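[1] sequence below, structure please.
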Amino acid sequence: TYTRDLSTVLTPGTAISILDGRYRDRSRSLANKFSEAALQRARIAMEVRYLIALSDWGAVRQFYDQEREFLHSLYQDFGIEEFDALKHIELTEARRADVKAVELYIKGNLRGTSLEDVSEMVHYALTSEDPTNIALMSLTQQAIREDYLPSLLDVMGKLASMAEVYKSTAMLGRTHGRAAQPTTFGKEMAVVARRVEKWASKIYATQLEGKLTGAIGNFSDHYADFPDVDWVEFSERFVSSFGLVPNTSTTQILPYDEVIDLFGRMQSVNEVLINLATDMW
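    Okay, the predicted model is just below:
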């Protein structure tokens, strides 16, 4: 039996996943995209920007510049202390519902300010999937562009450099698993570099979607309350502002087809690099 409890503190040594443990030094930047705190911050950003968009489209009163700055600060200045406060709301007021906690957190910050009169329009006519999918997809796209692709391109650059340096370094070629004509080490590295470049281009070209269409995807509550607003155009412009492709033909949830496509492309480049590691071995 063991006499010491390792669960009392979270450190790289006690983390359940090696991503947050042994390899924390390599995955640290992803905490700003894929941690619970990062997701909640992104949800707050979506809800705040949605409230501002409602003002811009006349569904709520116009906001003063100072009010807009205050609203943006709710996610721009969101840190660990703010996450702890949000988590407390989730456990005490929101009955462990994380999206409801975001709504209550924003409303709580509006209480006692000039924006208190519009606090009930926070999360207006949305389903939890609306802030969630936009948050997840925008964070995923950021991680691909800011963390994943730079590392992949660094590998590709090293392979291309080796292709140039060793372009005349002879080695035995193989075919059908048997010795064949001579080749050069540089040429073989060029083959792998080209394969990596191909998949990197396809990954970069993947366009993730986002949806803001309400509880069943029909804008039902939106049009019932504000029939003169073009909610389809509203949704398309709003989703596009996050760098996502708007999808206005949905059920309650986003289909996530593009994510499946993205992961398939990432799996393909992984196979190229696994093949390279095997061949080098």
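[2] any idea how far the nearest residue to S7 once chain neighbours are set aside lies from N270?
    Counting by CB to CB, 6 or more residues apart in numbering, S7 lies nearest to T14, which is 6.9 Å off, once chain neighbours are set aside. In short, each C-beta sits where N, CA and C put it, glycine included. According to CB to CB, to the nearest Å, T14 stands 29 Å off from N270.
[3] which residues of the stretch 151-281 of the chain fall in strands?
    Using DSSP state E, counting those that start in this stretch, the strands of the stretch 151-281 of the chain run over 170-175, 178-184, 209-210, 245-246.
[4] the lengthiest helix in the chain vs strand 170-175, what angle?
    Ranked by residue count and defined by DSSP state H, the top helix of the chain is helix 257-280. Angle of helix 257-280 versus strand 170-175, following axes from the mean of the first three to the mean of the last three CA atoms, to 10 degrees, is 120 degrees.
[5] ok, residues contacting helix 257-280?
    137, 140, 144, 148, 152, 155, 188, 192, 195-196, 199-200, 202-203, 206-209, 245 (CB atoms under 8 Å, 6 or more residues apart in numbering).
[6] list buried residues within those.
    Listed as buried from the contacts of helix 257-280 are 137, 140, 144, 148, 152, 155, 188, 192, 195-196, 199-200, 202-203, 206, 208-209; burial here means 16 or more other CB atoms under 10 Å.
[7] give me the subset of those residues lying in helices.
    Going by DSSP H, the helices hold 137, 140, 152, 155, 188, 192, 195-196, 199-200, 202-203 from those.
[8] any chance of these in JSON lines, with pLDDT and distance to E103 too?
    Listed next are those as JSON lines, based on pLDDT from 0 to 100; distance: CB to CB, whole Å:
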{"residue": "M137", "pLDDT": "98", "distance to E103": "20"}
{"residue": "T140", "pLDDT": "97", "distance to E103": "23"}
{"residue": "L152", "pLDDT": "97", "distance to E103": "38"}
{"residue": "V155", "pLDDT": "96", "distance to E103": "42"}
{"residue": "E188", "pLDDT": "96", "distance to E103": "56"}
{"residue": "V192", "pLDDT": "97", "distance to E103": "49"}
{"residue": "R195", "pLDDT": "97", "distance to E103": "47"}
{"residue": "V196", "pLDDT": "97", "distance to E103": "44"}
{"residue": "W199", "pLDDT": "97", "distance to E103": "40"}
{"residue": "A200", "pLDDT": "97", "distance to E103": "39"}
{"residue": "K202", "pLDDT": "96", "distance to E103": "38"}
{"residue": "I203", "pLDDT": "97", "distance to E103": "34"}
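[9] from those residues, which two are the most distant?
    The most widely separated members of those, counting by CB to CB, are M137 and E188 (37.9 Å).
[10] buried stuff in the longest helix of the chain?
    For helix 257-280, by 16+ other CB under 10 Å, it's 258-259, 262, 265-266, 269, 272-273, 276.
[11] N133: which of those residues is nearest?
    N133 lies nearest to V259 out of the buried residues of helix 257-280, by CB to CB, at 9.9 Å.
[12] can you check the pLDDT for the closest one?
    On the pLDDT scale, V259 is placed at 96.
[13] repeat for G177
    84.
[14] how close does it get to P131?
    Distance from G177 to P131, by CB to CB: 54 Å.
[15] who has more neighbours out of these two?
    Comparing G177 with P131 by other CB atoms under 10 Å, the one with more neighbours is P131, at 25 against 6.
[16] re the thing from before, hey, which of the strands of the stretch 151-281 of the chain is tucked in deepest?
    Counting by mean count of other CB atoms under 10 Å, strand 209-210 has the highest mean neighbour count of the strands of the stretch 151-281 of the chain, with a mean of 22.
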